[in-house]
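K.L.:
Give me a 3D structure for the following:
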Amino acid sequence: MTTERRPQPNNAPGPATSAAIGQRARSLATEPEPAEVSIGHSGALATGCLFTIASSLVTCLLLFVNGSLVMAILVMMMRFAPAWMQQQALMQFLLFALPVALVFLQWMMIDYVRTRLFDPARRRQNPSTSFDPSMQ
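P.N.:
Below is the predicted model of the structure:
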């Protein structure tokens, strides 16, 4: 077995020297300046997950309250409703559909109020119609 050493082309990287490896390790090990440190990807991810969990919990609470309200109204209406409205299938549909429709309406109202109170573009255009505690 003979080992031949082939010549390397001019553009091929040569063997790594300990000085080059040490220089690379020092550049990786330096800590960033405090001005360079930001929330980064993991902070934005955690904020997004927290917002999603909070929105889900609010939606579950709204569905529970809306379902209870619709159930109470439907039970009250059963006493005075005509025969066609007392069908079990219709009541089950209303008991499912009305709380979900109310949740959509409630989230639309929440978004409307949020944009009216906290939209910076609207506040710059017409500062007298929006509430800004810092302006007082």
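K.L.:
And the next helix or strand past the longest helix along the chain?
P.N.:
In the chain, taking DSSP state H as the definition, the longest helix is helix 40-80. Per DSSP states H and E, the first helix or strand lying C-terminal to helix 40-80 is helix 88-118.
K.L.:
Against which helices or strands is that next one packed?
P.N.:
Applying 3 or more Cβ pairs under 8 Å, 6 or more residues apart in numbering; DSSP states H and E, we find helix 88-118 packed against helix 40-80. (C-beta placed from N, C-alpha, C; glycine too.)
K.L.:
who does the helix it packs on touch, helix- and strand-wise?
P.N.:
Counting by 3+ Cβ pairs under 8 Å, 6+ apart, helix 40-80 packs on helix 88-118.
K.L.:
Show me which residues of the helix it packs on are buried.
P.N.:
By neighbour count with 16 or more other Cβ atoms under 10 Å, helix 88-118 contains the buried residues M91, L94, L98, P99, L102, V103, Q106.
K.L.:
among those residues, which two are most distant?
P.N.:
Pairwise distances across the buried residues of helix 88-118 peak at 22.5 Å for M91 and Q106 (criterion: Cβ to Cβ).
K.L.:
can I get the CA coordinates of stretch 105-124 in CSV?
P.N.:
What follows is stretch 105-124, C-alpha atoms only, in CSV (Å, rounded to 0.1, in the frame of the first residue of the first chain):
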residue,chain,number,x,y,z
LEU,A,105,-69.9,39.1,17.2
GLN,A,106,-68.1,39.6,20.5
TRP,A,107,-64.6,39.3,19.0
MET,A,108,-65.6,41.7,16.2
MET,A,109,-66.7,44.2,19.0
ILE,A,110,-63.4,43.6,20.8
ASP,A,111,-61.4,44.3,17.7
TYR,A,112,-63.4,47.4,16.9
VAL,A,113,-62.9,48.8,20.4
ARG,A,114,-59.2,47.9,20.3
THR,A,115,-58.6,49.7,17.0
ARG,A,116,-60.6,52.8,18.1
LEU,A,117,-58.6,53.1,21.4
PHE,A,118,-55.2,51.9,20.5
ASP,A,119,-54.6,52.4,16.7
PRO,A,120,-51.6,54.8,16.4
ALA,A,121,-52.5,55.8,12.8
ARG,A,122,-56.0,56.8,13.8
ARG,A,123,-54.6,58.7,16.8
ARG,A,124,-52.2,60.7,14.6
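K.L.:
Nice, that's everything, thank you.
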